[in-house]
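# Requesting a structural model of the entry that follows:
(chains A and B)
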Protein chains: 2
Amino acid sequence: MLLDHAYFMKQALLEAEKAAADGEIPVGAVVVINNQIIARAHNQTERLNDVTAHAEMIAITSAANYLGGKYLRDCTLYVTLEPCVMCSGALFWSQLSGLVYGASDPKRGFQQATLSLHPKTQITAGVLAEPSRDLLDQFFKKLR
Amino acid sequence: MLLDHAYFMKQALLEAEKAAADGEIPVGAVVVINNQIIARAHNQTERLNDVTAHAEMIAITSAANYLGGKYLRDCTLYVTLEPCVMCSGALFWSQLSGLVYGASDPKRGFQQATLSLHPKTQITAGVLAEPSRDLLDQFFKKLR
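Numbers count the residues shown, from 1 in each chain, chains lettered A, B, ... in the order given. Okay, here's the model as predicted:
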């Protein structure tokens, strides 16, 4: 069975829920190659005391480690929120073949900053955007 | 004695030389707070098989670890080459107070991508630009 974008985004959402349970801004990501998940990660900036510990960054490092090479050329990264400038820069270097994200980030998203990814990277936006956004809204509502 | 930009950039250059000796693109960085170096790092993308392992990223993580907090508000990061999009995004999140870099990177530098850092971050460019650039040129000449 060929799994679809919604299937993998649900897996990324499960990661985002783990982040929320840990008091982290709820963003989750998975990396997929040949219909198989090779990395799962969620935002850990608080736990690790590290502004670079976004879900995407951890997922990129983890996938490269699994593959034994630094390029993610045949991989697709699924992430619940539009990547920020930092993460889009990392995705550019990774040369990944696909980026699929859920909710848009009008404030800090890379598309707002008019950045492009690697020319080889196909971008799909808005997959399960609503539950991704809901999770973030609930988190920030609780903080207030 | 108040140490100056050239002093700390020389320390970043020593890190860049370590990268060159390891067959890595020679970029080095140090993080300074109150006239004291709290983190030293060089590019390790090859050794770690990780596109995110730029000198600046490792230096940010290392400095935050030293400080026990994720923000580098009173820190200055010295790096031998203008940061890329990824690293500038990380520096934005870190809210550091100063960025000092050596050589410009007209191809991949964040200023080329018209990105800005955090409003609190003061940017100084061109400190020891020549030896920083020479090190990179020598490295790429050897590769050809």
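
# Only C-alpha atoms from now on, for both contacts and neighbour counts.
Noted.

# buried stuff in the biggest helix by length in chain A?
Counting residues, the longest helix found in chain A (DSSP state H) is helix A:5-21. For helix A:5-21, burial by neighbour count (16 or more other C-alpha atoms under 10 Å in any protein chain shown) applies to A:8-20.

# right, and out of those, which lies closest to chain B?
Set against chain B, the nearest of these by C-alpha to the nearest C-alpha is A:Ala19 (17.1 Å).

# I figured A:Leu3 hits A:Ile33, correct?
No - using C-alpha atoms under 8 Å, A:Leu3 makes no contact with A:Ile33, being 11.4 Å away.

# Out of those two, name the residue with the larger neighbour count.
A:Ile33 (17 against 10; other C-alpha atoms under 10 Å in any protein chain shown).

# quick one, what contacts the closest residue to that one other than its chain neighbours?
Counting by C-alpha to C-alpha, 6 or more residues apart in numbering or on different chains, A:Ile33 lies nearest to A:Cys75, which is 4.8 Å off, once chain neighbours are set aside. Residues near A:Cys75 by C-alpha atoms under 8 Å, 6 or more residues apart in numbering or on different chains: A:31-34, A:96-98.

# Return the members of those classed as buried.
By 16+ other C-alpha under 10 Å, these give A:31-33, A:96-98 as buried.

# would TSV of these with pLDDT be doable?
Output for these, formatted as TSV (pLDDT from 0 to 100):
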residue	pLDDT
A:Val31	98
A:Val32	98
A:Ile33	97
A:Leu96	96
A:Ser97	96
A:Gly98	97
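
# between those residues, which is closest to chain B?
A:Leu96 (11.4 Å).

# Would you confirm that that closest one contacts A:Tyr71?
Yes - the pair A:Leu96 / A:Tyr71 is scored as a contact, 7.1 Å apart, by C-alpha under 8 Å.

# give me the element A:Ile37 is part of.
strand A:36-42 (DSSP states H and E).

# Tell me which other helices or strands the next helix or strand after that strand touches.
Remark: after strand A:36-42, the chain's next helix or strand is helix A:55-67, criterion DSSP H and E. Applying 3 or more C-alpha pairs under 8 Å, 6 or more residues apart in numbering or on different chains; DSSP states H and E, one finds that helix A:55-67 makes contact with strand A:28-33, strand A:36-42, strand A:76-81, helix A:85-94.

# any idea which of those is most buried?
strand A:76-81 (a mean of 30; mean count of other C-alpha atoms under 10 Å in any protein chain shown).

# So for the spatially most central residue of chain A, what's the nearest residue that isn't a sequence neighbour?
Closest residue to the average C-alpha location of chain A: A:Val79 at 2.7 Å, with C-alpha atoms, centre = their mean. In space, and not counting its chain neighbours, A:Val79 is closest to A:Ala29: 4.2 Å by C-alpha to C-alpha, 6+ apart.

# Quick one: residues contacting the one you found.
With C-alpha under 8 Å, 6+ apart, A:Ala29 has these contacts: A:9, A:11-13, A:15-16, A:40-42, A:55-56, A:59, A:77-80.

# Between those residues, which sits nearest A:Cys87?
A:Glu56 (6.3 Å; C-alpha to C-alpha).

# What count of nearby residues applies to the closest one?
For A:Glu56, the count of nearby residues is 31 (other C-alpha under 10 Å).

# I'd like to check which residues are in contact with it.
Taking C-alpha under 8 Å, 6+ apart, one finds A:28-29, A:41-43, A:77, A:79, A:83, A:87 in contact with A:Glu56.
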